[in-house]
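Asks: sequence first, then the predicted structure, then my questions.
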Amino acid sequence: MEKLVIRGGRPLKGSVQVSGSKNASLPILAAALLTDELCVLEGVPALRDVATMIRLLRNFGAKVTQEGHRIIVDPRGYQNTEAPYKLVSTMRASFCVLGPLLAKHRQAKVSLPGGCVIGPRPVDIHLKGLKALGAHLNIDGGYVYGKTRELRGTTIYLGGAYGSSVLGTANVMMAAALARGRTLIENAACEPEVTDLANVLIKMGAKIQGQGTPVVAVEGVRRLNGFTHKVIPDRIEAGTFMLAAAVTGGELIIQGARPDHLGAVIDKMKEAGIEIKGQDGSLKVSPRKRLRPVDVTTLPYPGFPTDMQAQMMALMCQAPGISVITEKIYPDRFMHVAELGRMGAQIKLEGASAIVQGVRRLSGAPVMASDLRASAALVLAAMAAKGTSEVSRIYHLDRGYDRIDEKLTRLGAEIQREKME
Ligand code: EPU
């Protein structure tokens, strides 16, 4: 196991390139299971979750080659339709193979993903959508056993207690692409990652309209082709760098960041007193003058992303006054609160809200990462803090950020990756 040793107090400066989106790459790789032709995905970030998806595709019998950030999937003749617990339990996005397997092979056995530290994370929306398309699904021994004679298009309201589902929409959209007739997905997730997947499916020959809106229409086709596609930039990585600049009082140009995907984050950061400008395919964050507290509520896209909540909290820990941060996607996603407290942050939890009383300066401390975005928040807080911090369990960070410690070091942060004793 490794840890990051971070000496705080150095403003970041320079320019950084955003990697391709993790959360777009994973379902797009699963879409390769819908075809018998070569699929090429470019700009894929080098991450543990991507490696897990590759192992899963190989497990089905697809041939996968990786040339740097380009992944080539040759699904010809793949026969296995079982996704084992050991792969699905480590990464929830694996559950996205259920729709493609059912659509292509009319049968599948896919392990349930289980809960995770950010909350219970059920899959009822996925199952509801696939059942509506005509799949017979049984749960036994922790697995979903799926069978269908034929998937048939229909109108599906795809919502749950917390609104739309990103991977649920992806799963159902992929299945509907090969179903007979027209499917109308109501309350579809509008996240850019879902739109990117829809655009890939369209390249494959699918007939889809309304992607990026809450109503997506899919006219099923008999077969789908392969594709070549460059994945969209990772808006959460971009947002994390924007906040890294802000917490350290630095100045960064974030290349490849798409302002159109980051509206809510840019808006809240500006409200907090950070100057942000879009320029030629990049975003520039200028050194802050005076930080102001802001209230933030996470919501489905285009609202403020839950995947940026922890990092935004790291900034608000230093804003004089009170900020209220409310989680409307994962009400339990506050594992970072206690760790930030170890660094001197003043945060009180009240239900799904964190009440943050800004302090002048955080102080370095040993802290433990609990999930991917919480880890990023701790790294940000450590870079802003006085003194040295040790962030342990950084395997969470490596699941979703492509060499973030190297990128931050090049921007002036003092970060060392060390083996834990
Ligand atoms: N939900 C249900 N039933 C379902 C599915 C979801 O009740 O069947 C609930 C969830 O528990 C949550 C809400 O609906 O309260 C939204 O969950 P969603 O299904 O949209 O999440 P997801 O698709 O499983 C993706 C990202 C997450 C990100 C969420 C929300 C991937 C691989 N994961 O998860 O990313 O937080 O959307 O935007 O795309 C991360 O990257 O750190 C991460 C956790």
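Replies: Perfect, I can see it now. Residues are numbered from 1 along each chain as shown.

Asks: can you give me the distance of residue 17 to the ligand?
Replies: 19 Å (CB to the nearest ligand atom, to the nearest Å). Where you see a C-beta, it was placed from the backbone N, CA and C, and this is true even at glycine.

Asks: okay, that residue: pLDDT?
Replies: Residue 17 carries a pLDDT score of 97 in this model.

Asks: which residue, neighbours along the chain excluded, lies closest to it?
Replies: Nearest non-adjacent residue to residue 17, counting by CB to CB, 6 or more residues apart in numbering: residue 255, 4.8 Å away.

Asks: kindly report the same for residue 279.
Replies: Per CB to CB, 6+ apart, closest to residue 279 is residue 253, 7.8 Å.

Asks: the one you found: neighbour count?
Replies: Using other CB atoms under 10 Å, residue 253 has 19 neighbouring residues.

Asks: over to it. Which of the three states is it?
Replies: strand (DSSP: H, G, I helix; E, B strand; the rest coil).

Asks: pull the contacting residues for it.
Replies: 14-16, 279, 282-284 (CB atoms under 8 Å, 6 or more residues apart in numbering).

Asks: please name the bridge partners of it.
Replies: In this entry, residue 253 is beta-bridged to residue 15, residue 284, by DSSP bridges.

Asks: okay, it: pLDDT?
Replies: For residue 253, pLDDT reads 98.

Asks: ok, residue 115 next?
Replies: 63.

Asks: what does the one 4 residues further on give?
Replies: As summarised for this prediction, residue 119 has a pLDDT of 78.

Asks: count of residues packed around it?
Replies: Quick note: residue 119 (other CB under 10 Å) scores 16 neighbours.

Asks: and the contacts of residue 253, which of them are buried?
Replies: Burial by neighbour count, judged by 16 or more other CB atoms under 10 Å, picks out 16, 282-284 from these.

Asks: ok, so of those, who is nearest the ligand?
Replies: residue 16 (19.1 Å; CB to the nearest ligand atom).

Asks: quick check: the residue in the stretch 251-400 of the chain that the ligand sits nearest to vs residue 320, distance?
Replies: As assessed by CB to the nearest ligand atom, the ligand sits closest to residue 372 within the stretch 251-400 of the chain, at 4.3 Å. Applying CB to CB, to the nearest Å, one obtains 29 Å for the distance of residue 372 from residue 320.

Asks: cool, and residue 268?
Replies: Residue 268 is 17 Å from residue 320, by CB to CB.

Asks: looking at these two, which one has more neighbours?
Replies: Neighbours were counted for residue 268 and for residue 320 using other CB under 10 Å; residue 268 has more, 20 against 12.

Asks: I figured that one hits residue 299, correct?
Replies: No - when contacts are counted by CB atoms under 8 Å, residue 268 is not listed as touching residue 299 (11.7 Å).

Asks: how about the residues of the protein near the ligand?
Replies: Counting by CB under 6 Å from any ligand atom, the residues of the chain close to the ligand are 23, 26, 92-93, 119, 121-126, 160-162, 165-168, 189, 193, 306-307, 329-330, 372-373, 400.

Asks: from those, which ones fall inside helices?
Replies: The helices, defined by DSSP state H, take in 23, 26, 124-126, 166-168, 193, 372-373, 400 from the residues of the chain next to the ligand.

Asks: what sits against the residue of the stretch 251-400 of the chain closest to the ligand?
Replies: So residue 372 contacts 396-397, 399-401 (CB under 8 Å, 6+ apart).

Asks: now list the buried members of those.
Replies: 396-397, 399-401.

Asks: re earlier: mind putting the ones in helices among the residues of the chain next to the ligand into a markdown table with distance to residue 149 and pLDDT?
Replies: Shown next, in a markdown table, are those (distance: CB to CB, whole Å; pLDDT from 0 to 100):
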| residue | distance to residue 149 | pLDDT |
| --- | --- | --- |
| 23 | 33 | 97 |
| 26 | 29 | 97 |
| 124 | 23 | 95 |
| 125 | 24 | 97 |
| 126 | 20 | 98 |
| 166 | 29 | 98 |
| 167 | 26 | 98 |
| 168 | 23 | 98 |
| 193 | 31 | 98 |
| 372 | 40 | 94 |
| 373 | 42 | 96 |
| 400 | 39 | 92 |
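
Asks: out of those residues, who has the most neighbours?
Replies: Going by other CB under 10 Å, residue 168 tops these with 29 neighbours.

Asks: surely that one meets residue 132?
Replies: No - applying CB under 8 Å as the test, residue 168 and residue 132 come out as separate, 11.7 Å apart.

Asks: what secondary structure does residue 53 sit in?
Replies: helix.

Asks: just residue 64 next, same as before
Replies: Using three-state DSSP, the structure places residue 64 in strand.

Asks: who touches it in this structure?
Replies: 54, 57-58, 71-74.

Asks: low-confidence stretches in the protein?
Replies: 114-115 (pLDDT under 70).

Asks: rerun at 90
Replies: Within the chain, the segments meeting pLDDT under 90 span 90, 114-121, 161, 279-281, 287-289, 420-421.

Asks: where exactly do the helices run in it?
Replies: For the chain, applying DSSP H gives helices covering 22-31, 48-60, 85-88, 98-105, 124-132, 166-177, 192-203, 235-248, 263-271, 309-316, 335-342, 372-384, 395-400, 404-410.
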